[in-house]
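> only the shape, not the letters, is given here:
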């Protein structure tokens, strides 16, 4: 196993344990919504976003308890967005990572409420004093996460994804959509790591530049996986973009062109971190991982 | 117009103006989600929850800009919950205050995302420095609002409302359900007013006791209006609880008994404020208003 592979596995386990504790089971109807939250949040995902929070905070030797908590908050936002996106009124997906999506395993009402509860709990976790002794830091984390995930961020991207005439999008249009829909949450993950570690403005600027390249590479690889990926490795159907005649990076650049662009972005992302020297190995590994991932 | 009536009207206008500014219109798909948020948030409601935030903060002469912003955050949570509750998979309501509900005026996907965006923006507003110069205060506001509206509060109450065998509920069962579903947000409104004004623990305890009585009275009156109210004044259908054979305060206590209990709670709520003297007139008026309201 590479150093990166063992590091992302180690942090994923920490995140999984913390999420398990945040979502402790109870009886009755309340237990039903918690179980739906658990179904989504405890599915053994890659935990890329919490990894970014933790890996950045690790560079500055910030206590793990803080970065794991902030990572859980980002992951809860990510999970809520998947639950709501899978709903019949949205993408109508029955499968998520090879398992029934929340509204299939439970029902639509429970899925809506489980998403709402995860979204709310993300801010509860950030606001709690265990996340950081400084209220300034905690409130900055909440502010950045809200901005990245609300109408000017992830939710806005989802609206564009559903309603824009995407088949007419050019490269700039797709890029702008993806910066909101997936980029904003990846970007805020490294930003939150920097805030928790009380990194300098210059350090945060370098980390943000890295995250912006990384987010775009992530999305191009997503398009490549949708076009050429393996259903079993992905745990969800492929070929959906082409079926819906969506403009994608693959459609506009071709397979080769998309792959080249993703590779360039990954190399650019890694170069942004040169000033950090050895300390940035984990983040550089994450960029390679994003490029090489099969799901 | 009574002093109370003109005060709640004045604060509702302030809140409406602030919500209008928070939800400024744009073009394209993003404009669509903002318009859906506006449809819900700018409907000329009573703004009882922001009124409570503002009236409490006023008692301590806290600047209005702060309490109006915090009031908008609570109102956004209230609005998001109405949008999601009205969805076909939940209460399936086509009407809200006499107008089409958001998923009827727009569609289900837009309604889900507009709710998500309002929920997220509530925390964004609280985290912004304009809400209060002290980060400790801002993070305390976010923490309390998250606790009141998440799985251990409003969302949990909605789950119980949908899934519990409510026809078998006794008075304690209904009371517990209502404390979560509607009480938690009313309670946190006065609490947030106290936090913004940096009120003492004893003052906050008295305000919280007031809000708990008020919240329960509010719900009993809701049951009375559902059983005996005027469709036109309410702007929504009546008789739904009886049709669904729900256990309600009216069913368990009778109309007379429910009215008596609501009146007792309102008087008890008002008595909790005696220590504040004249300063508590607006909050006492709110309790009378909750008892006498027709919608």
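Thanks, I have the structure now. Remember, predicted model here, so these are calculated numbers, not experimental data.

> wait, residue A:72 sits on residue A:15?
Yes - taking contacts as C-beta atoms under 8 Å, residue A:72 lies within contact range of residue A:15: 6.1 Å. All C-beta spots, glycine's among them, are computed from the backbone N, C-alpha and C.

> mutual contacts of those two, please.
Shared contacts of residue A:72 and residue A:15, defined by C-beta atoms under 8 Å, 6 or more residues apart in numbering or on different chains, comprise residue A:50.

> check contacts around residue A:18.
A:68-69, A:71-72.

> which one of those has the most neighbours?
The residue in the contacts of residue A:18 with the most neighbours, by other C-beta atoms under 10 Å in any protein chain shown, is residue A:71 (31 neighbours).

> that one belongs to a strand?
No - applying DSSP: H, G, I helix; E, B strand; the rest coil, one finds residue A:71 to be helix, outside a strand.

> name the single longest helix found in chain A.
helix A:201-228 (DSSP state H).

> how deep is residue A:274 tucked in, by neighbour count?
Residues near residue A:274, counting by other C-beta under 10 Å: 10.

> with adjacent residues omitted, what lies nearest to it?
Leaving aside its chain neighbours, residue A:274 sits nearest to residue A:280 (7.8 Å; criterion: C-beta to C-beta, 6 or more residues apart in numbering or on different chains).

> thought residue A:217 was touching residue A:267?
No - if you go by C-beta under 8 Å, residue A:217 and residue A:267 don't touch, sitting 9.4 Å apart.

> could you check which of these two is surrounded by more residues?
Using other C-beta under 10 Å as the criterion, residue A:217 and residue A:267 rank with residue A:217 on top: 23 against 15.

> what residues are up against the more buried one?
A:262, A:265-266, A:269, A:287, A:290-291.

> mind redoing it with 10 Å?
The contact partners of residue A:217, by C-beta atoms under 10 Å, 6 or more residues apart in numbering or on different chains, come to A:186, A:261-269, A:287, A:290-291.

> and the closest residue to residue A:136 other than its chain neighbours, how many residues sit next to it?
If the residues on either side of it in the chain are set aside, residue A:136 comes closest to residue B:135, at 4.3 Å by C-beta to C-beta, 6+ apart. Residue B:135: 17 surrounding residues under other C-beta under 10 Å.

> in this structure residue B:135 contacts residue B:127, no?
Yes - counting by C-beta atoms under 10 Å, residue B:135 does reach residue B:127; the two are 8.9 Å apart.

> so for the two, which residues contact both of them?
A:138-140.

> want to throw those into JSON lines with secondary structure, distance to residue A:204 and pLDDT?
JSON lines is the format used below for these (DSSP: H, G, I helix; E, B strand; the rest coil; distance: C-beta to C-beta, whole Å; pLDDT from 0 to 100):
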{"residue": "A:138", "secondary structure": "helix", "distance to residue A:204": "17", "pLDDT": "98"}
{"residue": "A:139", "secondary structure": "helix", "distance to residue A:204": "17", "pLDDT": "98"}
{"residue": "A:140", "secondary structure": "helix", "distance to residue A:204": "11", "pLDDT": "98"}
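
> find residues that contact each of residue A:217 and residue A:267.
A:287, A:291.

> coming back round to it: for the contacts of residue A:217, which one is nearest chain B?
Nearest to chain B out of the contacts of residue A:217 is residue A:186 (C-beta to the nearest C-beta; 17.2 Å).

> doesn't the closest one lie inside a helix?
Yes - with three-state DSSP as the criterion, residue A:186 is part of a helix.

> can you count the residues close to it?
27.

> cool, and residue A:146?
27.

> what does the stretch 151-295 of chain A put close to chain B?
A:151-165, A:177, A:180 (C-beta under 10 Å from any C-beta of the partner chain).

> just the residues you listed: which are in helices?
Using DSSP H, these in helices are A:154-163, A:177.

> could I get those in a markdown table, plus columns for pLDDT and distance to residue B:53?
Listed next are these as a markdown table, based on pLDDT from 0 to 100; distance: C-beta to C-beta, whole Å:
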| residue | pLDDT | distance to residue B:53 |
| --- | --- | --- |
| A:154 | 97 | 28 |
| A:155 | 97 | 25 |
| A:156 | 94 | 28 |
| A:157 | 94 | 32 |
| A:158 | 93 | 30 |
| A:159 | 92 | 30 |
| A:160 | 90 | 34 |
| A:161 | 88 | 35 |
| A:162 | 87 | 34 |
| A:163 | 83 | 34 |
| A:177 | 90 | 37 |
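
> show me which of the residues you listed is closest to residue A:113.
Of all those, residue A:113 sits closest to residue A:155, with 17.4 Å by C-beta to C-beta.

> can you count the residues close to the closest one?
Residue A:155: 27 neighbours (other C-beta under 10 Å).

> before we move on, what about residue A:248?
22.

> so which residue is dead centre in chain A?
By C-alpha atoms, centre = their mean, chain A has its centre lying nearest to residue A:49, at 4.6 Å.

> from the contacts of residue A:18, which are also near chain B?
Within those, nothing lies near chain B by C-beta under 10 Å from any C-beta.

> how about the contacts made by the nearest residue to residue A:189 once chain neighbours are set aside?
Spatial nearest neighbour of residue A:189, chain neighbours left out: residue A:52 (3.9 Å); criterion: C-beta to C-beta, 6+ apart. By C-beta under 10 Å, 6+ apart, residue A:52 lies in contact with A:11, A:67, A:71, A:74, A:185-193, A:207, A:210-211, A:214, A:282-283, A:286.

> ok, now residue A:33?
Contacts of residue A:33 by C-beta under 10 Å, 6+ apart are A:23, A:26, A:106, A:109-114, A:116-118, B:150-151, B:155-156, B:158-160, B:162-163.

> quick one: it is in a helix?
Yes - judged by three-state DSSP, residue A:33 forms part of a helix.

> list the contacts of the spatially closest residue to it that is not a sequence neighbour.
Nearest residue to residue A:33, sequence neighbours excluded (C-beta to C-beta, 6+ apart): residue B:159, at 4.5 Å. Residues counted as contacts of residue B:159 (C-beta under 10 Å, 6+ apart) are A:28-34, A:36, A:109-110, A:113-114, A:117, B:151, B:177, B:180-181.

> ok, now with 6 Å
Taking C-beta atoms under 6 Å, 6 or more residues apart in numbering or on different chains as the contact definition, residue B:159 lies against A:29-30, A:33, A:113.

> rank these by pLDDT and give me only the lowest.
Across the contacts of residue B:159, the member with the lowest pLDDT is residue A:29, scoring 78.

> and the gap between it and chain B?
4 Å (C-beta to the nearest C-beta, to the nearest Å).

> re the thing from before, turn the shared contacts of residue B:135 and residue B:127 into CSV, columns for neighbour count.
Below are the shared contacts of residue B:135 and residue B:127 laid out as CSV (neighbours: other C-beta atoms under 10 Å in any protein chain shown):
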residue, neighbour count
A:138, 30
A:139, 29
A:140, 22
